[in-house]
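1. how would this look folded up:
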Amino acid sequence: MNDFERKYRMAVELRKQYPKGTRIELLSMNDPYDPVPAGTRGTVDYVDDGATIHMLWDNGRTLSIEPNQDSFRKLTEQEIEEENTAICVEETTNEMHENEEQTQSMGM
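-> Numbering: from 1, shown residues only. Below you'll find the predicted structure:
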């Protein structure tokens, strides 16, 4: 099996393990220039035929993961639920502050 076939087969498996939308936490990145910081979370965008996982990181970066070089893990269902709860609380808090500001600007 040549290198392309090996990577393609690996990509097929990675697509099953990490479909679009999968939440991941980076443990370490083997990039000597400007790695995504360890502990950063992100969402899988897609896996290409070369077995590279393309990411949409929560910090706005889009640097891809190389599974044979970088260390990462899939978030658990509980961690995803905690993230969603935190987002809901933050959105509710922001809405409350906006409502308060509108009420104050109306002189109430």
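2. how near is the most centrally placed residue in the chain to L56?
-> Per C-alpha atoms, centre = their mean, the C-alpha nearest to the average position across the chain is that of G42, at 1.0 Å. Distance, G42 to L56, using C-beta to C-beta, to the nearest Å: 6 Å. No exception for glycine: its C-beta is placed from N, CA and C like everyone else's.
3. domains for this structure, by residue range?
-> Here the domain parsing of the chain from automatic domain parsing is 1-75, 76-108.
4. now the strands for the chain?
-> For the chain, strands defined by DSSP state E occupy the ranges 23-28, 41-47, 53-57, 71-74.
5. compare the ones you listed and give me the one nearest E5.
-> Evaluated over the strands of the chain, closeness to E5 peaks at strand 41-47, with 16.0 Å, by C-beta to C-beta.
6. could I get the strands of the chain as TSV with distance to I80 and mean pLDDT?
-> Conversion of these to TSV gives the following (distance: least, C-beta to C-beta, whole Å; pLDDT from 0 to 100):
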stretch	distance to I80	mean pLDDT
strand 23-28	5	97
strand 41-47	10	97
strand 53-57	15	98
strand 71-74	10	97
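7. among those strands, which is nearest N84?
-> Of the strands of the chain, the one closest to N84 (C-beta to C-beta) turns out to be strand 23-28, at 10.1 Å.
8. between that closest one and strand 41-47, how big is the angle?
-> 100 degrees (axes from the mean of the first three to the mean of the last three C-alpha atoms, to 10 degrees).
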